[in-house]
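Q: Fold the following.
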Amino acid sequence: MPALWIAHVTVTDDEAYGKYAKLAGPAIAAHGGSFIARGGKFVQLEGKERPRNVVARFPSVDAAVECYHSPEYQEALSHAKGASERELMVVETSE
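A: Residues are numbered from 1 along each chain as shown. Below is the predicted model:
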């Protein structure tokens, strides 16, 4: 089943987070992920608001988790740590 990678982010260091974004996109694509939403307009109805929201579609939960743990994504993530506050989850779709 396909899965969605959903991230809610507050960027605290634009320069460092820019390095993350530059590396994360290719790492996600290499694992079959494609972006559905990336920082677009949103309306917060409940919970903690984060100004940047990203949704990527993967072929499966396993593919998304494999991407997260890959050396390429972990290198990207090293730039986001300390440069952002974020929540990330992977959710299987009902398709």
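
Q: residue contacts, Lys19?
A: When contacts are counted by C-beta atoms under 8 Å, 6 or more residues apart in numbering, Lys19 touches Ala76, His79. For glycine as for every other residue, the C-beta is placed from the backbone atoms N, C-alpha and C.

Q: Swap in 6 Å and give it another go.
A: His79 (C-beta atoms under 6 Å, 6 or more residues apart in numbering).

Q: Which pLDDT does the model give it?
A: For Lys19, the model assigns a pLDDT of 96.

Q: how much space between it and Tyr73?
A: According to C-beta to C-beta, to the nearest Å, Lys19 stands 13 Å off from Tyr73.

Q: what about the strands in this structure?
A: Along the chain, the segments classed as strands by DSSP state E run 3-11, 34-38, 52-58, 84-92.

Q: Reformat the ones you listed as a markdown table; add mean neighbour count.
A: Listed next are those as a markdown table, based on neighbours: other C-beta atoms under 10 Å:
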| stretch | mean neighbour count |
| --- | --- |
| strand 3-11 | 19 |
| strand 34-38 | 13 |
| strand 52-58 | 19 |
| strand 84-92 | 15 |
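
Q: Format those strands as a markdown table; extra columns: mean pLDDT and distance to Val65.
A: Shown next, in a markdown table, are the strands of the chain (pLDDT from 0 to 100; distance: least, C-beta to C-beta, whole Å):
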| stretch | mean pLDDT | distance to Val65 |
| --- | --- | --- |
| strand 3-11 | 97 | 9 |
| strand 34-38 | 96 | 17 |
| strand 52-58 | 97 | 9 |
| strand 84-92 | 97 | 6 |
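
Q: Whichever helix in the chain runs longest versus strand 3-11: what angle between them?
A: Counting residues, the longest helix found in the chain (DSSP state H) is helix 14-30. Orientation check (axes from the mean of the first three to the mean of the last three C-alpha atoms, to 10 degrees): helix 14-30 against strand 3-11 gives 170 degrees.
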